[in-house]
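here is my input; please provide its structure:
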Amino acid sequence: MAELQVSRATPAQWSRVAEWAVAEGWNPGLSDGPCFFAQDPDGFFLGRLAGDPEPVSAVSVVTYGDRYAFLGFYLVRPDLRGRGHGLATWTAGLAHAGDRTVGLDGVPDQQDNYRRSGFVLAHRTARWTGPVTASAAPGPGVVPAARVGAAAIAAYDSACHPAERPGFLARWLTAPGHRALARVVDGRLTGYGVVRPAHEGARIGPLFADTAADAEVLLEALAAASGAERVAVDVPEANPEAVALMRARGLTPAFETARMYTGPVRPVARHRIFGITTLELG
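Residues are numbered from 1 along each chain as shown. Down below sits the predicted model:
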């Protein structure tokens, strides 16, 4: 059997992996890859076999500073599964993280495998999908995120994410098709969110807000801005108010993942996290 060779991927090469993710039903956003390459251009890996023009396997391990990394897009081509290619790619990708704590969002039936690699369950996350009815005009206090300013958005984001991510945010807020909105009440930022086109409908993430009322106003505004009939939000079960909001607005859970870490992460404002950014890339 030919030996698998794992090497770093370019953004152009990674587009093939995005096609695999679509086939798996992950429904990534159309501009997700380039945004995360902006954060860590060395964090994307492909496995190849000699003589095969198509990649065999993939994994991303995107680093954030010197303490945190996030693993995603762990995929093996369906016709070549069960031959050890995934584990070889996984091992090569994790080496990029060094001694950082690594996070991932994995399907529950793979938890035992992840646990053997040192990952510990933190909470579960469910993707909620459906139409969101919204008024024609944005709710009170909703403004373009650009009007609030990049520094204010970054500070708010920092309280809700395990690490600083300025390179990523700069691209995520302004990528083609992305709409970033914030809510300001009495001159104070009370939340922000981003909606982006996906292969099916639109994805909302992150959705960070002080209260469920702030989150609901932003959810409506983002759904309206997307122009899509259906949206999807990845909601951590660690925030029961977020789950209650999705249920009250008529969205339904499509599938579940497990957020796991290899070590400690800095505290985050869980009550503000109504939707994480992405399951695939953190």
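
low-confidence bits of the stretch 101-250 of the chain, can you list those?
For the stretch 101-250 of the chain, the stretches with pLDDT under 70 are 135-137.

ranges for the helices of it?
Remark: helices assigned in the stretch 101-250 of the chain by DSSP state H, counting those that start in this stretch are 111-116, 145-148, 150-158, 166-172, 212-226, 240-248.

tell me which of those helices sits most buried.
Of the helices of the stretch 101-250 of the chain, the one with the most neighbours on average (mean count of other Cβ atoms under 10 Å) is helix 212-226, at a mean of 23. In short, each C-beta sits where N, CA and C put it, glycine included.

now do that one: which elements does it pack against?
strand 142-144, strand 179-185, strand 188-197, strand 202-209, strand 231-236, helix 240-248, strand 273-275 (3 or more Cβ pairs under 8 Å, 6 or more residues apart in numbering; DSSP states H and E).

mind redoing it with 6 Å?
strand 179-185, strand 188-197, strand 202-209, helix 240-248 (3 or more Cβ pairs under 6 Å, 6 or more residues apart in numbering; DSSP states H and E).

direction included, what does the longest one pair up with?
For strand 188-197, the paired strands and their directions (DSSP bridges) read strand 179-185 (antiparallel), strand 202-209 (antiparallel).

of the helices and strands packed on helix 212-226, which is nearest residue 119?
strand 202-209 (21.8 Å; Cβ to Cβ).

which residues does that closest one contact?
Applying Cβ atoms under 6 Å, 6 or more residues apart in numbering, the contact partners of strand 202-209 are 29, 160, 191, 193, 195-196, 215, 218, 222, 226, 228, 231-234, 272, 274-278.

where along the stretch 1-150 of the chain do the strands fall?
4-8, 44-49, 57-64, 68-76, 101-106, 120-130, 142-144 (DSSP state E, counting those that start in this stretch).

of these, which is nearest residue 150?
strand 142-144 (12.0 Å).

show me what the closest one is packed up against.
strand 179-185.

who wins for proximity to residue 265 among the strands of the stretch 1-150 of the chain?
Among these, strand 101-106 comes nearest to residue 265, with 5.6 Å by Cβ to Cβ.

off-centre distance for that closest one?
11 Å (Cα atoms, centre = their mean, to the nearest Å).

many thanks, have a good one.
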